[in-house]
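Trainee: When you get a sec, could you give me coordinates for this:
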Amino acid sequence: MHSPRSSELEALKRRVMKLESELDSLQIGKPTRERLEVMSDVVVDSNPYSRLMALKKMGIVKNYEEIRRRTVVVVGIGGIGSTACEMMARCGIGKLIMLDYDKIELANMNRLFFCPEHVGQLKTAAAARILAKINPDVIYEPHDMDVTELAYFRRFCQILSTGGLCGQKVDLVLGCVDNYQARSSINQACLETDVPWYESGVSEDAMGGHIQLIIPGLTACFECVPPLIVASGIDESTLKREGVCAASLPTTMGVISSLLVQNSLKYLLRFGKVGFYLGYQALLDFFPSHMIHPNSECRNSWCTKRQLMCREQTERNPRLAEQFDFCAKNKLTGSDTVHHQENSYGITVEGSSCDVEEAERLPAGLNFLHPRFSAQDRQEDAFQQKGTSEDACPDWYRIESLRRQLKEL
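Mentor: Residues are numbered from 1 along each chain as shown. Alright, predicted model coming up:
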């Protein structure tokens, strides 16, 4: 039996916890260091950007500091979205706008980013506080809103149109939601405002996922090739069963959010080859990649309008779609060299030449039914068929045979 004193003590403890939570909510991420106005490439332990700016020194990114002038919107601060926000913050994005309406639950603890002490808090507010301590240089703008509701949709479009650092359009939207209705809302808003966005998701069994870059008019929108549920007009809520929930693995969430942010950086900073659609099948470690072209008969009038505008631009610039292959555009010439501060061991990177086998390689996602033989393998077979003795075999044949036997072990 509890005494009145112990009951009063428990009540006081709960009161203290509530006050601490309220105080924490008022301090939107008290900075742990002074804000830095400029990204420095000086290699010192006190510089949080030295490793990021090394990408510029190595010739990977020509202008990494431009990340500070970019604005990204993340819709859905769940398993993928929260991790994506953290990666964007650590990469030094200029402004990060976060939209969600949900609160953190203990059921979310199998994912990354949030901790048990955040249970009960709004996802957007908690994320802003956590991220501000990780990188106070980023401008965080949390919004507690449901983009599927008509009352918030116009506000969402306004954010996309004027949410940039200087009041301009945002640079990119990351759709990290878990339902088709929210995806359709993001798709509609981005079509109306002409803002590119990445759609992302993880399968219900947590064994796969995907990301898809949607550029209004240039690529297929979410309604061009809709999932069966969307095309059939089925209400998603009718598919849910009592006591049954989707599986969730932090590993799969981490893979998809990493692919999402990696390709977002390539798109924002114009380097590498941007992935338009990239899938992930965890059981087979399979990564299909391709581009989904827009549907000329898309039922969304805004999509067909953007397609028409894009076709007019393509007539003036036939290689419009190739502009996102920055890897081809930014190939290093003979005069371009990669600079390193130190290279004590004289390490160099040699260029690779394309041989016949490289040229005959199948597109991503396709495999030969039977293993193929290289020219050298065919030569080895010729020696074996002629009954050539081991002593008569050339040195490369014996060495390659030993290598193959080692690999089989």
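Trainee: CA-only coordinates of stretch 87-100 in CSV, if you can.
Mentor: Below are the C-alpha coordinates for stretch 87-100, written out as CSV (Å, rounded to 0.1, in the frame of the first residue of the first chain):
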residue,chain,number,x,y,z
MET,A,87,21.6,13.2,-43.5
MET,A,88,20.6,16.5,-45.1
ALA,A,89,21.5,18.4,-41.9
ARG,A,90,24.9,16.7,-41.6
CYS,A,91,25.5,17.5,-45.3
GLY,A,92,24.9,21.2,-44.6
ILE,A,93,21.8,21.9,-46.5
GLY,A,94,20.8,25.6,-46.4
LYS,A,95,17.2,25.2,-45.3
LEU,A,96,15.2,22.2,-44.3
ILE,A,97,11.4,22.3,-44.3
MET,A,98,9.7,19.4,-42.5
LEU,A,99,6.0,18.5,-42.8
ASP,A,100,4.1,15.9,-40.7
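Trainee: Tell me the buried residues in that stretch?
Mentor: 87-89, 91-100 (16 or more other C-beta atoms under 10 Å). C-beta coordinates here come from the backbone N, C-alpha and C atoms, glycine included.
Trainee: quick check: mean pLDDT across that stretch?
Mentor: Mean per-residue pLDDT for stretch 87-100: 98.
Trainee: Could you check how far residue 46 is from residue 55?
Mentor: 20 Å (C-beta to C-beta, to the nearest Å).
Trainee: More neighbours: which of these two?
Mentor: Per other C-beta atoms under 10 Å, whichever of residue 46 and residue 55 has more neighbours is residue 55, with 16 against 8.
Trainee: show me what contacts the more buried one?
Mentor: 61, 64 (C-beta atoms under 8 Å, 6 or more residues apart in numbering).
Trainee: Now it: phi and psi?
Mentor: Torsion angles at residue 55 (phi, psi; degrees, to the nearest 10) stand at phi -60, psi -30.
Trainee: Give me the neighbour count for the closest residue to residue 216 other than its chain neighbours.
Mentor: Closest residue in space to residue 216, ignoring its immediate chain neighbours: residue 306 at 4.0 Å, by C-beta to C-beta, 6 or more residues apart in numbering. Close neighbours of residue 306, defined as other C-beta under 10 Å, add up to 22.
Trainee: and the end-to-end length of stretch 165-181?
Mentor: 29 Å (C-alpha to C-alpha, to the nearest Å).
Trainee: for stretch 126-143, same thing?
Mentor: End to end - C-alpha to C-alpha - stretch 126-143 spans 11 Å.
Trainee: Could you list the buried residues of that stretch?
Mentor: Buried positions in stretch 126-143, judged by neighbour count with 16+ other C-beta under 10 Å: 126-132, 135-138, 140-143.
Trainee: go on, stretch 105-124?
Mentor: For stretch 105-124, by 16+ other C-beta under 10 Å, it's 108, 111-114, 118, 121-124.
Trainee: Can you tell me the element the residue nearest to residue 216 falls in?
Mentor: Using DSSP states H and E, residue 306 maps to helix 301-316.
Trainee: Show me the contact partners of that helix.
Mentor: So helix 301-316 is contacted by 188, 191-192, 194, 216-218, 221, 223-224, 294-296, 298, 320 (C-beta under 8 Å, 6+ apart).
Trainee: Just the buried ones from those residues?
Mentor: Buried among those by 16+ other C-beta under 10 Å: 188, 191-192, 194, 216-218, 221, 223-224, 294-295, 298, 320.
Trainee: With respect to residue 262, which of the residues you listed is nearest?
Mentor: Closest approach to residue 262 among those (C-beta to C-beta): residue 218, at 20.6 Å.
Trainee: Residue 12: how many residues sit nearby?
Mentor: For residue 12, the count of nearby residues is 10 (other C-beta under 10 Å).
Trainee: burial of residue 149, as a residue count?
Mentor: Residues near residue 149, counting by other C-beta under 10 Å: 12.
Trainee: measure it to residue 139 for me?
Mentor: Separation of residue 149 from residue 139 (C-beta to C-beta): 26 Å.
Trainee: all helices of the stretch 101-250 of the chain, in order?
Mentor: 123-134, 150-162, 180-193, 228-232, 250-269 (DSSP state H, counting those that start in this stretch).
Trainee: would a markdown table of the ones you listed with mean pLDDT and distance to residue 202 be doable?
Mentor: Shown next, in a markdown table, are the helices of the stretch 101-250 of the chain (pLDDT from 0 to 100; distance: least, C-beta to C-beta, whole Å):
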| stretch | mean pLDDT | distance to residue 202 |
| --- | --- | --- |
| helix 123-134 | 94 | 17 |
| helix 150-162 | 96 | 23 |
| helix 180-193 | 96 | 13 |
| helix 228-232 | 62 | 16 |
| helix 250-269 | 96 | 5 |
